[in-house]
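Colleague: Okay, structure incoming, though there's no sequence with it:
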């Protein structure tokens, strides 16, 4: 399905996902969970955020089906909900890095 084929409800859901991913803290949390599942305490420590704040962000990201949770003993580990989420983040990261790289190259042509 292409964007022009989306129903109004699907457009709203997609916009909400992008809004959630647009928050820098939530984007850091998502990126942390792409390569391997992570627990709340590790995510909080990695990004210098409080555990209650991380838990709040995780709850929103799970509700939007961006992340999924898996219980392992007493801890819950979070990871990307599926390959689509990974591809979106990976593709946009590559896009940003490509843009930054071309700006760097432009600034150093005369060196």
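Modeller: Sure thing, it's come through. These figures come from a predicted structure and were not determined experimentally.

Colleague: Need phi/psi at residue 81.
Modeller: phi -60, psi -40 (degrees, to the nearest 10).

Colleague: i'd like the first residue to be 6 from this point on
Modeller: Understood, numbering begins at 6; the last thing we discussed is residue 86.

Colleague: That one touches residue 70, doesn't it?
Modeller: Yes - with contact defined as C-beta atoms under 8 Å, residue 86 and residue 70 form a contacting pair (5.1 Å). Every C-beta, even on glycine, is put in place using the N, C-alpha and C of the backbone.

Colleague: The two: who's more crowded?
Modeller: Using other C-beta atoms under 10 Å, the more surrounded residue of residue 86 and residue 70 is residue 86, with 18 against 13.

Colleague: so how far is residue 26 from that one?
Modeller: 12 Å (C-beta to C-beta, to the nearest Å).

Colleague: Just the helices from the protein, written as ranges.
Modeller: With DSSP state H as the criterion, the chain has helices at 13-26, 29-37, 45-52, 56-68, 88-112.
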